[in-house]
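Chemist: Test case, fold it:
(one chain, ligands or ions: 4)
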Amino acid sequence: MTMIIRGGTVVNADRAFRADVMTFGDKIVAVGENLEAPHSARVIDAHGQYVMPGGIDTHTHMNLPFMGTVTQDDFFTGTAAGLAGGTTTIMDFVIPSPQQSLLEAFHTWRGWAQKAAGDYTFHVAVTWWDDSVREEMGILVRDHGVNSFKHFMAYKNAIMADDETLVNSFRRALELGAIPTVHAENGELVFQLQQDLLRRGLTGPSSHPLSRPPAVEAEAANRAITIAGVLNTPLYIVHVSCAESLEAIARARANGQRVYGEALAGHLVIDDSVYRSADPEFAAGHVMSPPFRSKHHQAALWHGLQAGNLHTTATDHCTFCAAQKAAGKDDFTKIPNGCGGVEERMAVVWDAGVNTGRLTPSEFVRVTSANAAQIFNMYPRKGVIAVGSDADIVVWDPEGTRTISAKTQHAKGGFNVFEGRTVRGIPSTTMAAGKVVFDRGVLMAEEGAGRYVERPAFVPVSAKS
Ligand SMILES: C[C@@H](CNC(N)=O)C(=O)O
Ligand SMILES: [Zn+2]
Ligand SMILES: [Zn+2]
Ligand SMILES: [Zn+2]
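Modeler: Ligands and ions are numbered 1, 2, ... in the order given. All right, here's what the predicted structure looks like:
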């Protein structure tokens, strides 16, 4: 099936230019002005609109068993919601329990993801260490297209990685040409601050941010950066939420260290006043880690994106409904951590980034798609409108508006942290693997149409000779 997207302005990370885009099957086959197309081609009118690479969300958790329950969105509903928002690839996480085989967990997650409507790939978490973990990391890189390994420095007594695991795993990742990534919070400090708050009877959701102050995040970010520096490995820090972590990243990068940072759309526009709401259900709905921060930290994150010390935007989409969140109504440490956003990310970043002049359209593409594709070695298959690239394309209406609400969202969970926010700049059409999956408000996601995206290891040049 040939499709021709006519009359739009193509926006890649490097430039924006007037061009038609023609696709055949799941690939882009031509980009240029006034393209000749077969009469049978389906025409998509993009006049007055931008034609951009499909979004890549570097951080989601569909179907995640966590804190005694399972997220509301599975791989179908979660990827379908992403397609409705212009995100055509998600990067999710395989999270083995301590002592569980990484390979066994990988195959379990692969099974869950069969129903995905959009493309997906996995970071694999290293939650424990012995020689078998070392061996299986090699198999995952060599045979299964994994090139990133996640480490939770938080979640003591659950999936927290201690320094022995961090150092061994970082070293192994370097050997394999894979990149280590971290959830940077000092899990011991969080645990003890939580116990202090509970002992004082401060059991409500407003205690959540008090147990995870910025310094608790920055300590772990600094530690991960130091370990990576000593071992000479690259490092990707997920959901950077505070100025102090950003300072650590900026310092490391200024010293030539290869450190990347990720900002969540929620952290960019929502502040910590949500935890002081008189409605505990509303406050609990915003419990995620790291917590939403003050506007001071939000400003720092925007500066980080503009300065090139933050590279990607993501969501950490990890949805729980009110009944699930209520597990912690008498003890905030039992509130399942996580919020949604996979559908709203691109419109929120466009509205708060491009409409305010913080980001150009090309910089928007850089932080919503291209950088993710390059950092995780999916470029130019993903992250660019170019001949030979996947036909993952979002036609973007810069004047279209939408008021975000749980009532109209496609994700499950019945709650939306962006509730009531009106955004200007929304997808009018999303194409995934050459198929129109979202068009003028109508979602046509197909269960199982999504593909697992293998990501080759980064092979040192010397090894090629
Ligand atoms: C478990 C997962 C989702 N939950 C969260 N961020 O609060 C994460 O920590 O990234
Ligand atoms: Zn995390
Ligand atoms: Zn996460
Ligand atoms: Zn429920």
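Chemist: contacting residues for Phe320?
Modeler: The contact partners of Phe320, taken as C-beta atoms under 8 Å, 6 or more residues apart in numbering, are Thr69, Thr71, Gln72, Pro336, Gly338, Gly413. The way it works is simple: take the backbone N, C-alpha and C, and place the C-beta from them, glycine included.
Chemist: how many neighbours does the last one have?
Modeler: Using other C-beta atoms under 10 Å as the criterion, Gly413 is surrounded by 23 other residues.
Chemist: Point me to the residue of the stretch 51-200 of the chain nearest ligand 4.
Modeler: Using C-beta to the ion, the closest approach of the stretch 51-200 of the chain to ligand 4 is made by Gln72 at 6.9 Å.
Chemist: okay, now that residue: neighbour count?
Modeler: The criterion is other C-beta under 10 Å. On that basis, Gln72 has 22 neighbouring residues.
Chemist: re the thing from before, out of the contacts of Phe320, list just those in strands.
Modeler: In strands, judged by DSSP state E, the following of these are found: Thr69.
Chemist: and the contacts of Phe320, which two are the farthest apart?
Modeler: Using C-beta to C-beta, the two most remote members of the contacts of Phe320 are Thr69 and Gly413, lying 11.7 Å apart.
Chemist: List, one by one, the residues from this protein near ligand 1.
Modeler: Taking C-beta under 6 Å from any ligand atom as the test, the list of the chain residues beside ligand 1 reads His61, Phe66, His183, Met288, Ser289, Asp316, Cys318, Asn337, Gly338.
Chemist: rewinding a little: quick check: the residue of the stretch 51-200 of the chain closest to ligand 4 touching Cys321?
Modeler: Yes: shown here, Gln72 and Cys321 form a contact pair, counting by C-beta atoms under 8 Å, at 5.5 Å.
Chemist: For the longest helix along the chain, enumerate the helices and strands it packs against.
Modeler: Secondary structure of the chain read by DSSP state H shows that its longest helix is helix 214-231. Counting contacts by 3 or more C-beta pairs under 8 Å, 6 or more residues apart in numbering; DSSP states H and E, helix 214-231 packs against helix 163-176, strand 179-183, helix 187-199, strand 235-237, helix 243-254.
Chemist: what separates the first one from the chain centre, distance-wise?
Modeler: This points to helix 163-176. Centroid displacement of helix 163-176 relative to its chain, using C-alpha atoms, centre = their mean, to the nearest Å, is 23 Å.
Chemist: Also the last one?
Modeler: Going by C-alpha atoms, centre = their mean, the spacing between the C-alpha centre of helix 243-254 and its chain's C-alpha centre is 20 Å.
Chemist: Could I get the buried residue list for that helix?
Modeler: Of the residues in helix 243-254, those scored as buried under the neighbour-count criterion (16 or more other C-beta atoms under 10 Å) are Ala243, Glu244, Ser245, Leu246, Glu247, Ala248, Ile249, Ala250, Ala252, Arg253.
Chemist: what helices or strands is the next helix or strand after that helix leaning on?
Modeler: Moving toward the C-terminus from helix 243-254, the first helix or strand encountered (DSSP states H and E) is strand 259-264. Packing contacts for strand 259-264, counted by 3+ C-beta pairs under 8 Å, 6+ apart, involve strand 235-237, helix 243-254, helix 295-307, strand 312-314.
Chemist: Mind listing the strands strand 259-264 pairs with, and their directions?
Modeler: With DSSP bridges as the criterion, the sheet partners recorded for strand 259-264 are strand 235-237 (parallel), strand 312-314 (parallel).
Chemist: Buried deepest among these, which one?
Modeler: When neighbours are counted by mean count of other C-beta atoms under 10 Å, the highest per-stretch mean among the strands paired with strand 259-264 falls to strand 312-314, a mean of 29.
Chemist: Check which residues of the following helix or strand past that strand are buried.
Modeler: Next in sequence after strand 312-314, counting helices and strands by DSSP H and E, comes helix 322-325. For helix 322-325, the buried set under the neighbour-count rule, 16+ other C-beta under 10 Å, comprises Gln324, Lys325.
Chemist: any bit of helix 322-325 sitting next to ligand 4?
Modeler: Yes: looking at helix 322-325 against ligand 4 by C-beta under 5 Å from the ion, the contacts come from Ala323.
Chemist: on contacts alone, who are the packing partners of the next helix or strand after that helix?
Modeler: Using DSSP H and E, the next helix or strand after helix 322-325 towards the C-terminus is helix 345-349. Helix 345-349 makes packing contacts with strand 55-57, helix 265-269, strand 312-314, strand 422-432 when contacts are defined by 3+ C-beta pairs under 8 Å, 6+ apart.
Chemist: Other residues contacting helix 345-349?
Modeler: Contacts of helix 345-349 with the rest of the structure, by C-beta under 8 Å, 6+ apart, involve 55, 57, 85-87, 265, 268-269, 313-315, 341, 359, 364, 367-368, 394, 402, 404, 418, 421, 423, 425-427.
Chemist: can you give me phi and psi for Ile385?
Modeler: Backbone dihedrals for Ile385, given as degrees, to the nearest 10, come out at phi -90, psi 100.
Chemist: Quick check, it in contact with Pro53.
Modeler: Yes: the pair Ile385 and Pro53 passes the contact test of C-beta under 8 Å, sitting 5.7 Å apart.
Chemist: Neighbour count for the two, which is higher?
Modeler: Higher neighbour count among Ile385 and Pro53: Pro53, with 30 against 25, using other C-beta under 10 Å.
Chemist: give me the beta-bridge partners of that one?
Modeler: Assessed by DSSP bridges, Pro53 has beta-bridge partners Ile393.
Chemist: Could I get the contacting residues of it?
Modeler: When the contact criterion is C-beta under 8 Å, 6+ apart, the partners of Pro53 are 12, 365, 369-370, 373, 382-385, 389, 392-394.
Chemist: Just send the residues you listed back as JSON lines, with pLDDT too.
Modeler: Formatted as JSON lines, these follow (pLDDT from 0 to 100):
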{"residue": "Asn12", "pLDDT": "99"}
{"residue": "Val365", "pLDDT": "99"}
{"residue": "Ser369", "pLDDT": "99"}
{"residue": "Ala370", "pLDDT": "99"}
{"residue": "Ala373", "pLDDT": "99"}
{"residue": "Lys382", "pLDDT": "99"}
{"residue": "Gly383", "pLDDT": "99"}
{"residue": "Val384", "pLDDT": "99"}
{"residue": "Ile385", "pLDDT": "99"}
{"residue": "Ser389", "pLDDT": "99"}
{"residue": "Asp392", "pLDDT": "99"}
{"residue": "Ile393", "pLDDT": "99"}
{"residue": "Val394", "pLDDT": "99"}
